[in-house]
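> From the sequence below, what's the structure:
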Amino acid sequence: SNYTGNGATPRAITGIGFTPKIVGIFKRAVADMVTVWKTDTMSTTDSFQWVELTYNNDGTGIRSLDTDGFTVGDHAQVNANTVEYGYWALSADADALQTGSYAGTGADDYNIATNFQPDIVLVQATPQTGLNTRHGYIWIASQGGDSSAVLESNVAAAGNAIQGAGASGFQVGTVINAVG
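The predicted model follows:
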């Protein structure tokens, strides 16, 4: 679906018919396809940008996931005046989509529990002190093994990030299991 930005904050986008677990927003202009996203487990002020991978924690991105949609702030990537935006929103039962977080331990081969065997795993680290960007990683079962794609076009695929999935979770390596 889509909407036209108005620069007002907060701005509710309603009418999607469910409470989303995750929302992604992108400018419809091909030259600026950065996706800003938020899950239901992130705090009110937090959202991330794929590609640039900027952590936004000032509430100007996606502010909340609501009963019939979501609310945005006035950040140019989600609500600039007269700009056309597209969005996707996902909601599912606990056996199909799960969001969450974990505290990094620094250990290799660290297991993260889920309610099912994932076909796709997406991990985005929050920035550590002094950092404002972190790479996001995606692992797809059909690619198999210890090979994650990095959600940034100029960064090569990485091993030892998302290492694979099992019957009730997935495993991460030291690349994305930093202490912090």
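
> now residue 37: how far from residue 106?
With distances taken as CB to CB, to the nearest Å, residue 37 is found 26 Å from residue 106. All C-beta spots, glycine's among them, are computed from the backbone N, C-alpha and C.

> Which one's more surrounded, those two?
Taking other CB atoms under 10 Å, residue 37 and residue 106 do not tie; residue 37 has more neighbours (21 against 10).

> Tell me the bridge partners for the residue nearest the centre of the chain.
The residue lying closest to the centre of the chain (CA atoms, centre = their mean) is residue 37, at 4.8 Å. Under DSSP bridges, the beta-bridge partners of residue 37 are residue 24, residue 48.

> if I read this right, it contacts residue 25, doesn't it?
Yes - under the criterion of CB atoms under 8 Å, residue 37 makes contact with residue 25 at 7.4 Å.

> list the residues that contact both of those two?
Common neighbours of residue 37 and residue 25, using CB atoms under 8 Å, 6 or more residues apart in numbering, are residue 62.

> which stretches of the protein have low pLDDT?
Applying pLDDT under 70 to the chain flags the ranges 30-33, 48-57, 94, 125-135, 151-158, 179-180.

> ranges for the helices of it?
76-79 (DSSP state H).

> From residue 79, how far out is the closest residue to residue 124 other than its chain neighbours?
Computed as CB to CB, 6 or more residues apart in numbering, the closest residue to residue 124 that is not its neighbour in sequence is residue 136, at 4.0 Å. Residue 136 sits 22 Å away from residue 79, going by CB to CB.

> quick one, which of these two is more surrounded?
The neighbour comparison of residue 136 against residue 79 (other CB under 10 Å) goes to residue 79, with 26 against 21.

> so who does the more buried one touch?
Residue 79 neighbours (CB under 8 Å, 6+ apart): 5-9, 11, 72-73, 85.

> one more time with 10 Å
Going by CB atoms under 10 Å, 6 or more residues apart in numbering, residue 79 touches 3-11, 13, 25, 60-62, 71-73, 85.

> from the residues you listed, which would you call buried?
For those, a burial check counting by 16 or more other CB atoms under 10 Å picks out 3, 5, 11, 13, 25, 60-62, 71-73, 85.

> So which of these sit within strands?
Those of these mapping onto strands are 3, 11, 13, 25, 62, 71-72, 85, per DSSP state E.

> In a markdown table, list those residues along with distance to residue 150.
Converted to a markdown table, those look like this (distance: CB to CB, whole Å):
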| residue | distance to residue 150 |
| --- | --- |
| 3 | 30 |
| 11 | 31 |
| 13 | 29 |
| 25 | 21 |
| 62 | 22 |
| 71 | 30 |
| 72 | 26 |
| 85 | 25 |
